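A.B. asks: Show me how the following folds:
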Amino acid sequence: MKLSFNIVSWLAGLLVLALIGITAAAVVARYVLGTPFQWVEEMSGFLMIWIVFLGAIGCEIEDSHLRIDVGTMLLPDSVNRWIEAGVGLVSVGLLGYMAWLGYQLADKAALKKTQILRISWFWIDIAVTVGAIALALVMLVRVWRLLRADPSTGLIASDSSDKI
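C.D. replies: Predicted coordinates:
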């Protein structure tokens, strides 16, 4: 999981760096040179969509998404484990549906181009599908590990099949 997190973090970081760079260049071009870049708004939106989905994947890999665990704090660990597995499986199902809808959207928009950059909307909309599939895979691994854990210790017998 560490390698996956590093790859996603680096990709998201590069996109954030690109976003900062083009935004700074656009400010200089507009206010110093007096000639604004027309394409910055489109590119910023494109980058932000991918940054959000890569960030969500990274948060899921690190298990750092926001939780409200007031109710589950009162329950025994064995019950919490089954609740977490159930929530994970329902989430995988919803993410699968989201990926399918995202692909349908991207497929229908493939011939449509953005006004200025002339980028196919497919590359913007497919972020939903890529993000949902990656999130679902991470959740499936977490549920698998959760169900394989020893109920008394919560530890998983280590083997090479747990590496992502």
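A.B. asks: Tell me how many other residues crowd the closest residue in space to residue 16 that isn't next to it in sequence.
C.D. replies: In space, not counting the residues next to it along the chain, residue 16 is nearest to residue 51; the distance is 5.9 Å by C-beta to C-beta, 6 or more residues apart in numbering. To be clear about C-beta, it is placed using only N, CA and C from the backbone, and glycine gets the same treatment. The criterion is other C-beta atoms under 10 Å. On that basis, residue 51 has 19 neighbouring residues.
A.B. asks: My guess is residue 51 contacts residue 13. True?
C.D. replies: No. At 9.3 Å, residue 51 and residue 13 do not qualify as touching, with contact defined as C-beta atoms under 8 Å.
A.B. asks: which secondary structure element contains the residue nearest to residue 16?
C.D. replies: With the criterion set as DSSP states H and E, the secondary-structure element containing residue 51 is helix 40-61.
A.B. asks: Tell me the helices and strands packed up against that helix.
C.D. replies: Using 3 or more C-beta pairs under 8 Å, 6 or more residues apart in numbering; DSSP states H and E, the elements in contact with helix 40-61 are helix 2-28, helix 122-148.
A.B. asks: by contact count, what packs against the last one?
C.D. replies: Spelled out, it's helix 122-148. Under the contact definition 3+ C-beta pairs under 8 Å, 6+ apart, helix 122-148 sits against helix 40-61, helix 77-108.
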